[in-house]
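Enquirer: Fold the stuff below for me.
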Amino acid sequence: MSQAARRNVREENDKRSSGRNNGTQLVGIIFLLMVLGTIAWGCWAVVNWMNDAQRLPLSRLVVTGERHITTDDDIRQAVLSSGPPGTFMTQDVDVLQQQILHLRWIKQASVRKQWPNELKIHIVEYVPYARWNDLQLMDKDGNAFSVPAERVSDKTLPLLYGPEGGEKEVLEGFNAMNQALAAAKFKLKTAAMSERRSWQLVLDNDVRIELGRENRAKRLERFISLYPVLQQQAPADKRISSIDMRYDTGAAVSWAPAFIEPEGQGQAVLSDWVKPQSQAN
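Expert: Predicted structure coming up:
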């Protein structure tokens with residue numbers, strides 16, 4: 001066979017081999033595209049399935065934390081306040097957390113999801129330490145918060161009054177004076193601080209003490225020393241109503257009729273006490 005003939009045969013074989021290679025590559029590309037398409041469709045289907053509210057609704061609510069005020073219904077209503085919760089994938093737990101914190105007696109709240117349909121909520125309540133301006137409660141750190149009146153069972157909480165924004169100042173003053181009075185066997189029921197920082201106290205026996213603005217600790221110490229003496233000097237039909245300690249020496253004492261014990265009963269009839277509104281300096 002001549003050299004030209006051999007060349008033609010070789011070229012013909014190369015063309016056939018090239019055609020087969022191109023066909024194989026095309027089949028491979030088509031197969032790869034089919035695989036990728038299948039994967040993409042599968043991911044899309046899974047995401048749609050997980051986002052479908054009928055597939056993975058958050059239908060179980062678990063609430064933890066020490067609770068004295070918050071009810072299950074409070075949490076449920078807070079969660080549902082902006083509509084039914086979404087799915088496991090779509091629900092934003094930060095949104096739910098803010099909805100729960102709208103309950104003003106809740107100090108902290110954490111929300112998390114647990115597969116496949118559970119919503120876990122942990123709350124920390126403010127712990128009532130005193131009543132503040134009749135309408136609110138206060139914790140031991142001076143944080144004022146609101147609670148439905150019917151849920152406050154402790155009627156022995158001290159009563160604190162003061163200007164708005166003065167919560168911590170009033171609480172600090174109350175704690176200091178309560179500690180001094182408790183050491184002398186007195187029980188402080190009410191502490192009120194006016195806008196002018198003038199103090200008025202009421203003991204559990206309804207004795208009102210005017211301390212004014214200056215030398216509060218010294219005046220209170222003087223009251224502790226003076227009160228037993230005044231009790232000994234009190235007429236049989238009189239009781240101490242109030243003591244004004246806003247003097248450099250001595251004090252002004254107001255007297256009231258003694259409590260009358262009803263016959264056959266062991267309880268005294270106590271007069272109504274009106275919240276003190278001091279004009280003192």
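Enquirer: quick check: mean pLDDT across stretch 170-189?
Expert: For stretch 170-189, the mean pLDDT works out to 97.
Enquirer: Let me fix that, I meant to ask about stretch 198-212.
Expert: 96.
Enquirer: Keeping just the C-alphas, turn it into CSV.
Expert: Below are the C-alpha coordinates for stretch 198-212, written out as CSV (Å, rounded to 0.1, in the frame of the first residue of the first chain):
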residue,chain,number,x,y,z
SER,A,198,-37.5,65.2,102.3
TRP,A,199,-38.2,61.9,104.1
GLN,A,200,-41.2,60.7,106.0
LEU,A,201,-41.5,57.2,107.5
VAL,A,202,-44.4,55.2,108.9
LEU,A,203,-43.8,52.3,111.4
ASP,A,204,-46.0,49.2,111.5
ASN,A,205,-47.8,50.7,114.5
ASP,A,206,-48.8,53.7,112.3
VAL,A,207,-46.5,56.1,114.0
ARG,A,208,-45.3,58.7,111.5
ILE,A,209,-41.8,60.1,111.6
GLU,A,210,-40.8,63.3,109.9
LEU,A,211,-37.1,63.3,109.1
GLY,A,212,-36.8,66.1,106.6
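Enquirer: Name the residues of that stretch that are buried.
Expert: Within stretch 198-212, the residues that count as buried by 16 or more other CB atoms under 10 Å are 198-203, 206-212. All C-beta atoms are positioned from the backbone trio N, CA, C, and that covers glycine.
Enquirer: among the residues you listed, which are in helices?
Expert: Of the buried residues of stretch 198-212, none are assigned to helices by DSSP state H.
Enquirer: Output these as a markdown table; include the columns distance to residue 131.
Expert: Formatted as a markdown table, the buried residues of stretch 198-212 follow (distance: CB to CB, whole Å):
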| residue | distance to residue 131 |
| --- | --- |
| 198 | 20 |
| 199 | 17 |
| 200 | 16 |
| 201 | 15 |
| 202 | 13 |
| 203 | 16 |
| 206 | 17 |
| 207 | 20 |
| 208 | 18 |
| 209 | 19 |
| 210 | 21 |
| 211 | 20 |
| 212 | 24 |
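Enquirer: now, which of the residues you listed sits nearest residue 39?
Expert: residue 199 (75.6 Å; CB to CB).
Enquirer: which ones are touching the closest residue to the closest one other than its chain neighbours?
Expert: Nearest residue to residue 199 in three dimensions, chain neighbours excluded: residue 211, at 4.2 Å (CB to CB, 6 or more residues apart in numbering). Residues in contact with residue 211, defined by CB atoms under 8 Å, 6 or more residues apart in numbering, are 198, 199, 200, 201, 219, 220, 245, 246, 280.
Enquirer: Touching stretch 108-118 from outside, list them.
Expert: 56-62, 88, 91, 93-94, 96-97, 100-101, 119-124.
Enquirer: Just the buried positions in that stretch, please.
Expert: Here stretch 108-118 shows 109, 111, 113 as buried, counting by 16+ other CB under 10 Å.
Enquirer: Spell out the residue ranges of the strands in this structure.
Expert: 60-64, 106-114, 118-125, 130-132, 136-138, 144-145, 159-161, 188-193, 199-203, 208-212, 238-244, 252-257 (DSSP state E).
Enquirer: Tell me which of the ones you listed sits nearest to residue 174.
Expert: Of the strands of the chain, nearest to residue 174 by CB to CB is strand 188-193, at 4.2 Å.
Enquirer: Tell me how far that closest one lies from the chain's centre.
Expert: Centroid displacement of strand 188-193 relative to its chain, using CA atoms, centre = their mean, to the nearest Å, is 25 Å.
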